[in-house]
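*Asks:* here is my input, please return the structure:
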Amino acid sequence: MASNDEWQAAQQQQQQQDEQMAVDNAAIFGEDDEDDEGEEDEDAIFGEDTSRQVRDVEALLMRFCPHDSSMLYPQEDKRNKVLKYACRLCRYSEESSNPLIFRNLIKKEVKNVLTTIPSAVSDDPTLARSHNANCENCGHHEAVFFQSDSARTDTLALIFVCCNCGHKWVN
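*Replies:* Below is the predicted model of the structure:
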């Protein structure tokens with residue numbers, strides 16, 4: 001077992017690493033510790049979503065053991081129902097401040113949806129048709145249009161497909 005002095009030195013080293021991580025995060029996310037008065041204004045303008053996103057990103061950063069510099073892995077403390085990060089080489093562990101381990105963000109851009117639409121969709125008689133559309137490719141004025149059925153797109157943009165040449169665009 002480590003002595004009390006070694007444990008305190010490890011805690012101090014961990015605190016220094018945490019402070020350095022906060023400085024690095026401030027450089028990455030553009031945060032400024034000197035301007036604490038503006039944080040309330042930013043929360044009022046942007047809502048608490050931005051601060052939650054920053055906390056989530058901080059929670060997802062890798063953590064390292066202060067004793068042997070190996071990576072700390074998430075581990076559940078079932079007795080206390082708490083998430084901990086533990087070293088696999090030594091017995092060091094620390095309690096997590098955030099229960100988030102992994103976030104899978106899937107965001108599909110509307111422009112990428114265009115590659116999945118077949119040109120033959122213009123032959124579908126059930127789709128709405130516009131005679132006022134102007135195809136950039138051939139100059140034809142008739143096109144079918146629809147909204148993407150992908151649940152991942154957050155926009156309400158219409159997808160147009162030219163009935164003459166099959167050119168696709170978003171409006």
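
*Asks:* how about the strands in this protein?
*Replies:* Ranges of strands in the chain, per DSSP state E, are 72-77, 82-87, 93-95, 128-130, 143-147, 158-162, 168-170.

*Asks:* any idea which of the ones you listed is most buried?
*Replies:* strand 158-162 (a mean of 21; mean count of other CB atoms under 10 Å). The C-beta positions use only the backbone N, C-alpha and C, and glycine is treated the same way.

*Asks:* other residues contacting that strand?
*Replies:* Contact with strand 158-162 is made by 110, 113-114, 117, 119, 121-122, 130, 133, 135, 137-138, 140, 142-148, 167-171, as judged by CB atoms under 8 Å, 6 or more residues apart in numbering.

*Asks:* and the average pLDDT for it is what?
*Replies:* Mean pLDDT, computed over strand 158-162, is 89.

*Asks:* ok, it: who's next to it in the sheet?
*Replies:* strand 143-147 (antiparallel), strand 168-170 (antiparallel) (DSSP bridges).

*Asks:* in this structure, what helix or strand scores lowest on average pLDDT?
*Replies:* helix 38-46 (a mean of 47; mean pLDDT, DSSP states H and E).

*Asks:* tally up the residues packed near residue 166, please.
*Replies:* 18 (other CB atoms under 10 Å).

*Asks:* in contact with the nearest residue to residue 137 once chain neighbours are set aside, which residues?
*Replies:* With CB to CB, 6 or more residues apart in numbering as the criterion, residue 137 has its nearest non-adjacent residue at 3.8 Å, and that residue is residue 167. The contact partners of residue 167, taken as CB under 8 Å, 6+ apart, are 135, 136, 137, 138, 161.

*Asks:* and residue 167, how far from residue 123?
*Replies:* 15 Å (CB to CB, to the nearest Å).

*Asks:* ditto for residue 146
*Replies:* Counting by CB to CB, the gap from residue 146 to residue 123 is 13 Å.

*Asks:* do residue 87 as well
*Replies:* 62 Å.

*Asks:* hey, what's residue 86 bridged with?
*Replies:* Under the criterion used (DSSP bridges), residue 86 bridges to residue 73, residue 93.

*Asks:* settle this for me: it is touching residue 77, isn't it.
*Replies:* No: judged on CB atoms under 8 Å, residue 86 makes no contact with residue 77 at a distance of 9.3 Å.
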